[in-house]
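Colleague: A structural model of the following input is requested.
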Amino acid sequence: MSKAEYFVGTNIFLRFLTADVPDQAQAVDLLLVKVEEGKVTLRTSVLTIAEIVWTLESYYELQHNEVCDRIIGILNTPGLEVENSELIAQAMALYVDENIDFIDAYNGLWMRKRGLSGAITFDTKHFRRIPGISAFTPGEVG
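Modeller: Predicted coordinates:
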């Protein structure tokens, strides 16, 4: 018999991380027991992680290092497969160490992985903090 696999959305992670809705947090705890027992496998996407980061920053007003700790905890959850988890972990390091928005850090590392070294953006300051990436405004290109 094959193990059931499910996508996990942002609100599941947020209930677990914040416990601000106790009944839902408890339900997530029970789900994680099933994962630990090997009954189910959970999967999530980079977009889910990005939404978690944004929500923890904007709504819960957590500092970068607090957000990073929670995201690394998610990435290290047994039985949970996170799309591009290595790239996410690297982006979290830039997010904390260089004070770069998570999305910019992820995109810069995504670029590097694909051999791209130049970004066109109006928000050049974050991209310029990523080693190996040059950032240009549209008027500087060509």
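
Colleague: What ranges in this structure fall below the confidence cut-off?
Modeller: Screening the chain residue by residue with the criterion pLDDT under 70, one finds the ranges 1-2.

Colleague: domains of it?
Modeller: Using automatic domain parsing, the domain parsing of the chain gives 1-83, 101-142.

Colleague: Next, find the distance separating Gly115 from Gly132.
Modeller: When distances are taken as CB to CB, to the nearest Å, Gly115 and Gly132 turn out to be 10 Å apart. Where you see a C-beta, it was placed from the backbone N, CA and C, and this is true even at glycine.

Colleague: if you count what's nearby, which of those two comes out ahead?
Modeller: Set side by side, Gly115 and Gly132 give different neighbour counts by other CB atoms under 10 Å, the larger being at Gly132 (10 against 6).

Colleague: so what's the more buried one up against?
Modeller: Taking CB atoms under 8 Å, 6 or more residues apart in numbering as the criterion, Gly132 is in contact with 112, 117.

Colleague: host element of the residue nearest the centre of the chain?
Modeller: In the chain, the C-alpha nearest the mean C-alpha coordinate belongs to Ile49, at 3.3 Å (CA atoms, centre = their mean). Element membership of Ile49 [criterion: DSSP states H and E] is helix 46-58.

Colleague: rewinding a little: so which of the domains of the chain is nearest Tyr95?
Modeller: Of all those, it is domain 101-142 that lies closest to Tyr95, at 4.8 Å by CB to CB.

Colleague: what about Leu42, how many neighbours?
Modeller: What Leu42 shows, counting by other CB under 10 Å, is a neighbour count of 19.

Colleague: Kindly report the same for Leu32.
Modeller: Taking other CB under 10 Å as the neighbour definition, Leu32 ends up with a count of 18.

Colleague: Can you give the distance of the helix or strand containing it from its chain's centre?
Modeller: For Leu32, the enclosing helix or strand under DSSP H and E is helix 22-36. Its chain's average C-alpha position is 21 Å from that of helix 22-36, according to CA atoms, centre = their mean, to the nearest Å.
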